[in-house]
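Predicted model and sequence below, questions to follow.
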Amino acid sequence: MAEAAEEKAPAAPVGIPMKMVIILIAGTLVLGLGGAFAMFKMMSGSSGEKPAAEGAAEKPATHGEAESKGGGHAGGGETGAIADLDPFIVNLADSPEVRYLKVTMKLELTNASAAEEITARTPQIRDAILVLLTSLDSVTARSPQGKHKLREDVTQRINGLLPKKSVKTAYFTDFVIQ
């Protein structure tokens, strides 16, 4: 009879112990948070960059006014004076749809005196850039290769209008397609 009572007793559940489940969940959570933190740090850039709040406190240069800045392209080297151009808002050359492009640019100049040349030739420079921008279509403007080509074309067109090749490169500070 003792044997019959033992057979009817419920068997212990077979599976993973509760402590193991808790350890697995905690480990997965720690790895996920660690991975997210590492990705956030890589995407935010180096810790030596200036925070946005400090940069906003500086007075921005107005149209044609130049300023010298440290830093620049990742390639290193010394930067020249920086001249701001007013924003450009143009229709793109997409035929069935109407698309707009808003671009704000800064020009890196070889020296501070080149800013005076840029200011004196602002109407010709704006015209050359407007003609170039309106010839773009949205597919070209969205691609990284198209942006690099546009940067080179802007630099060449402006240098073609100036007595000396005073523009090193153009930087896009705003680039919005709608």
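Yep, that arrived.

which residues of the protein fall in helices?
With DSSP state H as the criterion, the chain has helices at 2-8, 18-44, 52-57, 114-120, 122-134, 138-142, 144-161.

and of those helices, who's closest to Ile89?
When these are compared by Cβ to Cβ, helix 122-134 sits nearest Ile89, at 9.3 Å. Placement of C-beta: from N, CA and C, glycine included.

what's that closest one packed up against?
Applying 3 or more Cβ pairs under 8 Å, 6 or more residues apart in numbering; DSSP states H and E, one finds that helix 122-134 contacts strand 88-91, strand 100-109, helix 144-161.

Ranking the ones you listed by mean neighbour count, which comes first?
Highest mean neighbour count among the helices and strands packed on helix 122-134 (mean count of other Cβ atoms under 10 Å): strand 100-109, with a mean of 19.

other SSEs contacting that one?
Helices and strands touching strand 100-109, by 3+ Cβ pairs under 8 Å, 6+ apart, are strand 81-84, strand 88-91, helix 114-120, helix 122-134, strand 167-177.

Recalculate using a threshold of 10 Å.
Contacts defined by 3 or more Cβ pairs under 10 Å, 6 or more residues apart in numbering; DSSP states H and E place strand 100-109 against strand 66-68, strand 81-84, strand 88-91, helix 114-120, helix 122-134, helix 138-142, helix 144-161, strand 167-177.

Out of the ones you listed, flag the one nearest Glu97.
The nearest among these, by Cβ to Cβ, is helix 138-142 at 8.0 Å.

Any buried residues in that closest one, and which?
Using 16 or more other Cβ atoms under 10 Å as the test for burial, helix 138-142 gives Ser138, Ala141.
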